[in-house]
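Participant: based on what follows, work out the 3D shape:
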Amino acid sequence: EQGRNHECLFTRKLKDYLSENLPIACGADGWPGSLERYAHKKEISWETVFKQVSLEVLALGENDFEAKKYLRQRIEALLSRVQENGDPWYNKCWTDDWESLCSSKNQWFRGMWTKKEYKVIQSIGKLIKKDQVFEDWRSFRPTKTLLDLKKSFYENKTQ
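Facilitator: Numbers count the residues shown, from 1 in each chain. Below is the predicted model of the structure:
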């Protein structure tokens, strides 16, 4: 916001988005407090909620195409870390990143994917919620189910 000489008005857009779209009242602690209460309600970290909501705000902005392009690349990079023999970057941070990037149920997010790709993304999210993505968390090995979902995603990937 400061780097753009306050032209983007991100914090105002964030506050407006929160008051219009989330079932959390704004208190004296402002939007950071609203996000804290929402994170507590959803039982996820403040940082994850901030990323989720920020993506929503940015995706609704004027540079929609660039935001979607970046988000798609970021999600595919996360999928590339799911390796049968493990990957040191496939860890708890991976699941936090996935949840923050792929939690949206909004039309703009669904529109980025084919129906099959979106179904895979939803299925991975469900595995994360059930804590079923690590076969062996010490060696960063994914479950067979997650490996199968990754394969399915790339088989159905749009160009």
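
Participant: tally of neighbours for the residue nearest to Tyr154 when sequence neighbours are not counted?
Facilitator: Using C-beta to C-beta, 6 or more residues apart in numbering and skipping residues adjacent in sequence, the residue nearest Tyr154 is Leu79, 7.8 Å away. Every residue, glycine included, has its C-beta placed from N, CA and C. Leu79 has 18 neighbouring residues, counting by other C-beta atoms under 10 Å.

Participant: repeat that for Thr114.
Facilitator: 13.

Participant: so who does the most centrally placed residue in the chain touch?
Facilitator: The centre of the chain sits closest to Leu101, judged by C-alpha atoms, centre = their mean, with a distance of 1.4 Å. Under the criterion of C-beta atoms under 8 Å, 6 or more residues apart in numbering, the neighbours of Leu101 are 51, 55, 71, 74-75, 78.

Participant: how many residues are close by Cys26?
Facilitator: 14.

Participant: report the secondary structure state of it.
Facilitator: coil (DSSP: H, G, I helix; E, B strand; the rest coil).

Participant: who does the host helix or strand of the residue nearest to Tyr154 touch, helix- and strand-wise?
Facilitator: Using DSSP states H and E, the element containing Leu79 is helix 64-80. Judged by 3 or more C-beta pairs under 8 Å, 6 or more residues apart in numbering; DSSP states H and E, helix 64-80 is in contact with helix 46-59, helix 92-102, helix 144-155.
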